[in-house]
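dropping the sequence and predicted coords here.
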4 protein chains.
Amino acid sequence: MENVVMFEEMPELKDPILIEGLPGVGNVGKIAADHLAEKLNAKKFASIYSQHFPPQVTLNSDCVAGLASSELYYVKGEKNDLVFLLGDFQGMSAEGQFSLAEEIVTLAISMNVSKVFTLGGYGIGTVVEEPRVLGAVSNAAMIPSLKENGVTFVPGEPSAGIAGASGLILGMCGIKKIDAACLMGETSGYFVDHKSSVVLLKVLMKILSIDVDTKELDERSQQMDEFTTKIKEIAEDQSKGHIGYYG
Amino acid sequence: MENVVMFEEMPELKDPILIEGLPGVGNVGKIAADHLAEKLNAKKFASIYSQHFPPQVTLNSDCVAGLASSELYYVKGEKNDLVFLLGDFQGMSAEGQFSLAEEIVTLAISMNVSKVFTLGGYGIGTVVEEPRVLGAVSNAAMIPSLKENGVTFVPGEPSAGIAGASGLILGMCGIKKIDAACLMGETSGYFVDHKSSVVLLKVLMKILSIDVDTKELDERSQQMDEFTTKIKEIAEDQSKGHIGYYG
Amino acid sequence: MENVVMFEEMPELKDPILIEGLPGVGNVGKIAADHLAEKLNAKKFASIYSQHFPPQVTLNSDCVAGLASSELYYVKGEKNDLVFLLGDFQGMSAEGQFSLAEEIVTLAISMNVSKVFTLGGYGIGTVVEEPRVLGAVSNAAMIPSLKENGVTFVPGEPSAGIAGASGLILGMCGIKKIDAACLMGETSGYFVDHKSSVVLLKVLMKILSIDVDTKELDERSQQMDEFTTKIKEIAEDQSKGHIGYYG
Amino acid sequence: MENVVMFEEMPELKDPILIEGLPGVGNVGKIAADHLAEKLNAKKFASIYSQHFPPQVTLNSDCVAGLASSELYYVKGEKNDLVFLLGDFQGMSAEGQFSLAEEIVTLAISMNVSKVFTLGGYGIGTVVEEPRVLGAVSNAAMIPSLKENGVTFVPGEPSAGIAGASGLILGMCGIKKIDAACLMGETSGYFVDHKSSVVLLKVLMKILSIDVDTKELDERSQQMDEFTTKIKEIAEDQSKGHIGYYG
């Protein structure tokens, strides 16, 4: 098979914008995209199966099995319809990642997608108090308006490049002359980072001129803040000689 | 080649049901399927060779070499003929597993298979006194009658999904709208588990309304019970301070 | 490319027999086949290149580079012409080994090869005083005449099967109904084994009713005998308490 | 995709010579080729993308993303135009290296390339005072003129063969009857070796009858000499009992 796209519906889409949010560093991109799609009541219209996903099925609560897949959802918009690429998997090999990214970009072209946003995390290895949203683009002309909406561009960063679906879809859009940007929420990279996701989502919503409730994400983000604050206090206490257990 | 199917015979099959029993956790599925096929005098009609199997031949007692393969057997039934997928191998890579599962499902469609049962083990990491048979399906409508025949459905279980041929064939049947169920005998997963196999086989026979002698499996199952009982006694003795050797 | 066969010449071959001797356990098969081809002045007529060989060139004494390849040689015979498959490489992956074996068997069919001998070693893990030549066949009807010529058949042995080119070509010949035998010289498997090669070669020559000088191999074989005898004496001395260095 | 070649321009080339300089041992070949192309103001005319490169994008200083690629540059010459194959990547798997080398040689044929030079390093494991340039060829007739220009030919060396793009392109040119030479600067192989690169470049320029300024490389080379001299002095001091820290 290599990859198979199964359509449940063939929606007519108006000047659609594709938003990719697959698993990755801190799951920052996936959480933001899943939340936005859910709050907009986006509708699933296709599944992508691939021999590059893990060879297994997962079960829903009714014990009905589903092959590993990515899914496409859409929602009608005022100016632009939105298409979401969501899922729990990335290609397991380098060749598989190329193959899947190519499948997506080919799909995007067949749907006349006019713009692509790939969402991800930018792991920096330390706790981030105020995560920024970094950007990378397929076309330098996109930069000024992204900056106005809160995206930070640091020359040559991330210096290690962008790996996986977010990077490859961006790169292939560059070759195909499709305007695409990868938006990356700063994150430690050590845990699932709702705080970074909510910052990323707010920037994305500003870019798209849409607004959804982010209450659940904000709460999770605040819980995380409290947790990391507590961890820090303990660490500081210990460095002052207050060893909890034996003090 | 990728995969090659060699037919020795092209049997005319009446509304056939496919039963898969390849090696896996505790070999629970393989033992059950092999036993049933043998007792029903199922006849081999095709071999599946694949570059995804180990690159080797095995020798029979006459020193005649055979490439690694899976085999298809059939047996005529009253209402449904049965087709068995048996063998000693699974695909060695993820891509190979997908390729082989797709080959099987394509074959099943070409044989007008109306229902598929994939047999496996469900490893739980501890000795199981009374193994249950867990189920997962491609179509929720199958659940009530399977429950009546003794299959247990635990919402979302196995939570890790189902890997390998049993899972992939089930998942691909779902996409192709073929009714399929994976039946999994609970097992520790630490050794070849005839006890779980015989429980699985009895449930399967009830579902298929057939009956074969399971004496050999029952004996093996009982031997295993005695063995695990002995192991437990020794373990309990030791935890009470009765150290066998120096006591 | 996957595999590419480059012909330097298209010899007309009379009822040819294919002899495969690629690297393997103790290089037993390779040494025997190389020696026979050389003594018969077999002529190279084709090279097989493959992406499944190591990605490199080797240099001859003139510093002219050659891609990794297998080579086909032929020699005219009285009743049967002989074709040799020689070289320094086997496929590096399972899929590569299947691909190359299939290429060879397809070539054999296109050359109307009537019989195939694959040569290998049978590693038994201990020094062999009098190596036997074990056989495995694609067709049981070949066994009696092979036995008459000194091939030993041990039911089900090698129990681990036969891996690599020698096994796969044999197995694929079985599927294609070509008479093929794998002849395996017993060997420790720990070093290149000329002694086993010369025994294997003599059996092969008896089967083919040809005779070439094996002087070089006999000498190498004798040197090896002396070497292993010496090793044994030292080992026995030491086990009697005569420790060389401190005695 | 496997590999995709994207042309920005289709230059008309006069009897072109292809020079390959991709990353490798000591980056000797890459540094020499990059320097020559830059000093000659060679113009980029094509990019080669491949699923055999790492699955990622890198960012330029404007945060514009580019897929991993190799690039083709050309420069007009008096007798021969030059084409450079430059880049930061080699194929990540054996199959990928074969695939890419085949792509390049097919491109070379389509551009009527009359001669190919692949540049590399020859790692010898110790510091080299006066690195030589070793050669390997696809055609022995090339050797005399290369020797006149300072290339050393050591029978059968490098005895381990030549791996990667430099070797495979050379080997494939041999099959396609294209004159090709691999020129290898001797290097320790332990660090990026500008000294070896500059020696290699000077030999290449003599062969091509061109001349560019090598000042930057000469300076880097001299720095390296001073560095290795210092390292040696320290090592000699220590071996005489002058242990720096505790002496």
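Everything's here; your move. Predicted, not measured: the structure shown is a model, and the values here were computed from it. Residues are numbered from 1 along each chain as shown, chains lettered A, B, ... in the order given.

now the residue positioned nearest the centre of chain A, nearest residue through space, not along the chain?
Centroid-nearest residue in chain A, with Cα atoms, centre = their mean: A:Gly29, separated by 2.2 Å. Leaving aside its sequence neighbours, A:Gly29 sits nearest to A:Leu119 (Cβ to Cβ, 6 or more residues apart in numbering or on different chains; 3.2 Å). The way it works is simple: take the backbone N, C-alpha and C, and place the C-beta from them, glycine included.

so that neighbour sits right up against A:Ala33, yeah?
Yes: assessed by Cβ atoms under 8 Å, A:Leu119 is found in contact with A:Ala33 at 5.4 Å.

what touches both of these two?
A:19-21 (Cβ atoms under 8 Å, 6 or more residues apart in numbering or on different chains).

which one of these is nearest chain B?
A:Gly21 (21.7 Å; Cβ to the nearest Cβ).

on that earlier part again, so for the strand or helix carrying the residue nearest to A:Gly29, mean pLDDT?
Assigned by DSSP states H and E, A:Leu119 belongs to strand A:115-123. Strand A:115-123 comes out with an average pLDDT of 97.

do the same with stretch A:234-247
Computed over stretch A:234-247, the average pLDDT equals 62.

do stretch A:4-21 as well
97.

three-state assignment of A:Ala65?
strand (DSSP: H, G, I helix; E, B strand; the rest coil).

and the closest residue in space to it that isn't next to it in sequence, backbone torsions?
The spatial neighbour of A:Ala65 that comes closest, neighbours along the chain excluded (Cβ to Cβ, 6+ apart), is A:Val57 at 3.9 Å. Main-chain torsions, A:Val57, degrees, to the nearest 10: phi -110, psi 150.

am I right that A:Val57 is in contact with B:Gly161?
Yes: the criterion here is Cβ under 8 Å, and A:Val57 meets it with B:Gly161 at 5.6 Å.

which parts of stretch A:165-173 are buried?
For stretch A:165-173, the neighbour count (16 or more other Cβ atoms under 10 Å in any protein chain shown) marks A:165-173 as buried.

can I get those in CSV with secondary structure, distance to chain C and pLDDT?
Formatted as CSV, the buried residues of stretch A:165-173 follow (DSSP: H, G, I helix; E, B strand; the rest coil; distance: Cβ to the nearest Cβ, whole Å; pLDDT from 0 to 100):
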residue, secondary structure, distance to chain C, pLDDT
A:Ala165, helix, 26, 97
A:Ser166, helix, 30, 97
A:Gly167, helix, 26, 97
A:Leu168, helix, 24, 98
A:Ile169, helix, 28, 98
A:Leu170, helix, 30, 98
A:Gly171, helix, 25, 97
A:Met172, helix, 25, 97
A:Cys173, helix, 30, 98
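
up against chain D, what does chain A have?
A:91, A:94-95, A:97-99, A:101-102, A:135-140, A:143, A:153-159, A:161-164, A:167-168, A:170-172, A:174-175, A:182 (Cβ under 8 Å from any Cβ of the partner chain).

show me which of the residues you listed are buried.
Using 16+ other Cβ under 10 Å, the buried ones in these are A:91, A:94-95, A:97-99, A:101-102, A:135-138, A:143, A:153, A:157-158, A:161-164, A:167-168, A:170-172, A:174-175, A:182.

circling back: contacting residues around the residue nearest to the centre of chain A?
A:Gly29 neighbours (Cβ under 8 Å, 6+ apart): A:20-22, A:118-121, A:166, A:183-185, A:197, A:200.

chain center to the strand or helix carrying A:Ala235, what's the gap?
Taking DSSP H and E as the criterion, A:Ala235 maps to helix A:215-239. Averaging C-alpha positions (Cα atoms, centre = their mean, to the nearest Å) puts helix A:215-239 24 Å from its chain's average.

can you tell me what sits against it?
A:31, A:35, A:127, A:193-195, A:197-198, A:201, A:244.

CSV please, covering those residues and showing secondary structure and distance to chain C.
Below are the contacts of helix A:215-239 laid out as CSV (DSSP: H, G, I helix; E, B strand; the rest coil; distance: Cβ to the nearest Cβ, whole Å):
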residue, secondary structure, distance to chain C
A:Ile31, helix, 38
A:His35, helix, 42
A:Val127, coil, 44
A:Asp193, coil, 39
A:His194, helix, 42
A:Lys195, helix, 44
A:Ser197, helix, 40
A:Val198, helix, 46
A:Leu201, helix, 44
A:Gly244, coil, 54
